[in-house]
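S.K.: need coordinates for the below:
(chains A and B, ligands or ions: 2)
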Amino acid sequence: MNTLFPTRETTADPRTDADWTGRRAFETNLRALVGRAYPRVRGLGREPSWIFFEILLPFLGTSAFVLVYRALQAPEAYVGFVVLGGAMSAFWLNVVWMMAGQLYWEKSQGNLELYFAAPMSLMAVLLGMAAGGLFMSGTRSLAILLISTALFGVQFHLTDWALAVPVFLLTMTALYGLGMMLASLFLLWGREAFHLTNLAIEPVYFISGLNFPVARLGALGAVAIATIPFAVGLDALRQLAFPGMPGLAGTPSPQVEALILVAMTVVFLVASQRLIRVIERMARSRGSLSIRWQ
Amino acid sequence: MTAQTEQLPPAIAVQGLRRVYPVKPKPVTALDGIDLEVAPGEFFGLLGPNGAGKTTLIKILTTLLLPSEGKASIFGFDVATEAAKIRRIMNMVAGGEQSGYGILTVREQLWMFSQFYGLGSREGWRRVDELLDAVGLGDQRLQRVSTLSTGQRQKMNMARGLLNDPWILFLDEPTLGLDVSAARAVREMVLAWKGAVPGRTVLLTTHYMAEADELCERIAIVDHGKILAIGTPSELKRRVQRESVLRLEVNRLDGGPAVLARLPGVVSAALAADNVEAGTGAQRVAVNLVLRDDSALTGVMAALGAAGSRVLGLRTSEPTLEDVFVELVGRGFADEADAEAVDDAATETADHDAEHHPER
Ligand SMILES: Nc1ncnc2c1ncn2[C@@H]1O[C@H](COP(=O)(O)OP(=O)(O)O)[C@@H](O)[C@H]1O
Ligand SMILES: [Mg+2]
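M.R.: Numbers count the residues shown, from 1 in each chain, chains lettered A, B, ... in the order given. Ligands and ions are numbered 1, 2, ... in the order given. The predicted structure follows:
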């Protein structure tokens, strides 16, 4: 026996070691999820520059709108709408900027191959990324919310917590489900997808009603509510945080919007799982799991 | 090999394996009919120039790539249909690997990977600390991954590859770009790890002849997707030169070289041309010996001892793997500068994307 290399328990037969119970496979996926979320959680305090980009910049954007609304003497509720939009945009930014490009980036680093070669499902990796991203953006979002609420004296009238909490959580599952699906799509499409996102980001913000109630957009707003999780989640939360305020009328009730979010979550998660399978099959037959092949 | 490992299916079994990459304008045939069997517990090497198909073969065996034709299995599990099982008992490390997240410390990064391999959380930390000591990175454990030197980085990658104590470890040019001492450290690490438990199997690719010679029990020489020769390093060398040539120096040689020439297994024995004083009475007599194989040397030594000759020096002039390669492939490894340049360009593009990433 060699003392330099301590060994783990193995049986005398690789075939036994390869024979995992369903429970062990499941636990490994769970651990992989936590493992992949870990760098996000750890990295949180290690890159101070990101605080600048992800808290200060969205906060400035929000402030600009608040000042405009005040100058125009818009109903005070609009200030609350903007602040809530700014806080929620941290998640949305995280999904479209980071999650969407994540698998592609992992591929260029050589991580993707190691992920495939590990005894876990790539879904666990995607869920881990989502969990890590959610945690990271959660802190940003909370910071933006607290700073702007204090600074602009926003009054929330949230009474229906029993609905608000699930609506928030469903917004997150729908958003990050979309992120997981985009991550898979971007991996398939490569670089072109980045240019597309760049082009789409501002228009999507606009039709999602980042800085005003989406109901003001009429038919376009309805389309946004049916297709963009950020739009529908934000509208539902606004309705719950500022019940009966002017400008909100004209969109489905928060209950209905919660159902839309459920549907989106299911669609996005199922789509990501399908896509992951397609990707693995394609990658294994084409040899496109990594950029570097030598 | 122990009694146990004899009952196992081959660690690697490959039959009629072909792999074509469907790229434009013309598909590339990376593997062109490979047959190979590696026994459990073997240290097997694939030696070949860039573009020979080594990485392609490793990718197929590690379930990352499907064969275009033919079959391959790991400990009896088919690479195409039983990938999940194979992934539980293998691991892989490549030279120049940049895996993981630069924002993590060495210890954290390895723990993260331990979770992908299904180790428990606490078991993971313990295993990481043990391995960091074993690979000589104990002092760097709390350092960020992005600050490691190339050699340290590769030691960390090796530790990653050993986290799950795989039954079979695939090493794709693991010492690529390392300085001499880091390369030696990596080689010693692999040998120590493999030697600890019977049945552990290693498949190593390299284009360093000396590395293959030093580490591998058997070697396949590959080029253009084909195996040109397969055998132990000394078998391969014998292919090029069936006899071994030795230069023997003794203090005296009563009866002259003819005494040695009569011994079994000795093809010829002659005084070397550079003997200062030709003759059997000199202080130092040099003889060129040609033996059918190395085993004849025992008889020569016994005869010398009986005749009262003292051996002052013995040098072999056996061929190196380099000679084998040149004879088989018809060229040396030197003609590859172009291929390397292409690699570098590909790496740069990949790095570029990393710039915009917070986990970098
Ligand atoms: N993903 C890929 N797409 C297209 N061609 C590839 C790919 N990977 C490798 N090749 C080509 O296949 C051949 C063998 O490559 P590889 O297996 O990387 O050889 P080695 O590892 O021995 O250098 C080379 O001609 C290489 O250019
Ligand atoms: Mg290679």
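S.K.: and residue 110, how many neighbours does it have?
M.R.: Looking at chain A here, since you left the chain open. Counted with other C-beta atoms under 10 Å in any protein chain shown, residues neighbouring residue A:110 total 19. Yep, even glycine has a C-beta here, placed from its N, CA and C like the rest.
S.K.: not quite, I wanted chain B
M.R.: 27.
S.K.: quick one: contacts for it?
M.R.: The contact partners of residue B:110, by C-beta atoms under 8 Å, 6 or more residues apart in numbering or on different chains, come to B:128, B:131, B:132, B:156, B:159, B:160, B:163.
S.K.: which ChimeraX command selects the buried ones in those?
M.R.: A single ChimeraX command selects the buried members of the contacts of residue B:110 (16 or more other C-beta atoms under 10 Å in any protein chain shown):
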select /B:128,131,132,156,159,160,163
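S.K.: out of the contacts of residue B:110, which one sits closest to residue B:24?
M.R.: Nearest to residue B:24 out of those is residue B:160 (C-beta to C-beta; 35.2 Å).
S.K.: which SS class is that closest one?
M.R.: helix (DSSP: H, G, I helix; E, B strand; the rest coil).
S.K.: ok so, going back, turn the contacts of residue B:110 into TSV, including distance to residue A:211, pLDDT and secondary structure.
M.R.: Listed next are the contacts of residue B:110 as TSV, based on distance: C-beta to C-beta, whole Å; pLDDT from 0 to 100; DSSP: H, G, I helix; E, B strand; the rest coil:
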residue	distance to residue A:211	pLDDT	secondary structure
B:128	47	97	helix
B:131	52	95	helix
B:132	50	96	helix
B:156	46	97	helix
B:159	50	97	helix
B:160	46	97	helix
B:163	48	96	coil
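S.K.: from the contacts of residue B:110, which are also near ligand 2?
M.R.: Counting by C-beta under 5 Å from the ion, nothing from the contacts of residue B:110 sits close to ligand 2.
S.K.: residue B:187 in helix, strand or coil?
M.R.: Residue B:187 ends up helix, using three-state DSSP.
S.K.: what about the nearest residue to it once chain neighbours are set aside, neighbour count?
M.R.: In space, and not counting its chain neighbours, residue B:187 is closest to residue B:215: 6.0 Å by C-beta to C-beta, 6 or more residues apart in numbering or on different chains. For residue B:215, the neighbour count with other C-beta under 10 Å is 24.
S.K.: residue B:215 touches residue B:188, doesn't it?
M.R.: No. Using C-beta atoms under 8 Å, residue B:215 is not in contact with residue B:188, being 9.9 Å away.
S.K.: contacting residues for the residue nearest to residue B:187?
M.R.: B:43, B:45, B:187, B:190, B:191, B:202, B:204.
S.K.: next, the first one: phi, psi?
M.R.: With angles defined as degrees, to the nearest 10, residue B:43 shows backbone torsions of phi -110, psi 100.
S.K.: got a quick PyMOL command for the buried subset of the contacts of residue B:215?
M.R.: Listed next is the PyMOL selection for buried residues among the contacts of residue B:215, using 16+ other C-beta under 10 Å:
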select buried, chain B and resi 43+45+187+190+202+204
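S.K.: how about the contacts of residue B:215, which pair is most distant?
M.R.: B:45 and B:191 (12.9 Å).
S.K.: could you list the low-pLDDT ranges of chain B?
M.R.: B:1-6, B:240-243, B:273-282, B:317-319, B:330-360 (pLDDT under 70).
S.K.: how is it partitioned into domains?
M.R.: B:3-231, B:242-335 (automatic domain parsing).
S.K.: ranking those by burial, who's on top?
M.R.: Across the domains of chain B, averaging neighbours per residue (mean count of other C-beta atoms under 10 Å in any protein chain shown) puts domain B:3-231 on top, at a mean of 20.
S.K.: that one near ligand 1 at all?
M.R.: Yes. Using C-beta under 6 Å from any ligand atom, domain B:3-231 reaches ligand 1 at B:21, B:23, B:28, B:30, B:48, B:50, B:51, B:52, B:53, B:54, B:55, B:56.
S.K.: columns secondary structure and distance to residue B:247 on top of the residues you listed, output as CSV?
M.R.: Formatted as CSV, the residues of domain B:3-231 next to ligand 1 follow (DSSP: H, G, I helix; E, B strand; the rest coil; distance: C-beta to C-beta, whole Å):
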residue, secondary structure, distance to residue B:247
B:21, strand, 49
B:23, coil, 52
B:28, strand, 47
B:30, strand, 44
B:48, coil, 32
B:50, coil, 36
B:51, coil, 39
B:52, coil, 35
B:53, coil, 39
B:54, helix, 36
B:55, helix, 41
B:56, helix, 43
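S.K.: which two of these have the greatest separation?
M.R.: So, the residues of domain B:3-231 next to ligand 1 by C-beta to C-beta: farthest apart are B:23 and B:48, at 20.5 Å.
S.K.: can you name the residue of the stretch 101-250 of chain B nearest chain A?
M.R.: residue B:115 (3.0 Å; C-beta to the nearest C-beta).
S.K.: next up, the contacts around that residue.
M.R.: Residue B:115 neighbours (C-beta under 8 Å, 6+ apart): A:31, A:32, A:34, A:35, A:38, B:121, B:124.
S.K.: do that again at 10 Å, thanks
M.R.: For residue B:115, the contacting residues are A:28, A:30-38, A:118, A:120, A:124, A:128, B:121, B:124, B:163, by C-beta atoms under 10 Å, 6 or more residues apart in numbering or on different chains.
S.K.: next: residue B:58.
M.R.: Contacts of residue B:58 by C-beta under 10 Å, 6+ apart are B:46, B:64, B:65, B:92, B:94, B:170, B:171, B:172, B:173, B:203, B:204, B:205.
S.K.: what are the phi and psi values for the residue in the stretch 201-350 of chain B positioned nearest to ligand 2?
M.R.: Nearest residue of the stretch 201-350 of chain B to ligand 2 (C-beta to the ion) works out as residue B:205 at 6.3 Å. With angles defined as degrees, to the nearest 10, residue B:205 sits at phi -110, psi 150.
S.K.: my read is that it contacts residue B:52, right?
M.R.: Yes. Under the criterion of C-beta atoms under 10 Å, residue B:205 is in contact with residue B:52, at a separation of 8.7 Å.
S.K.: many thanks, have a good one.
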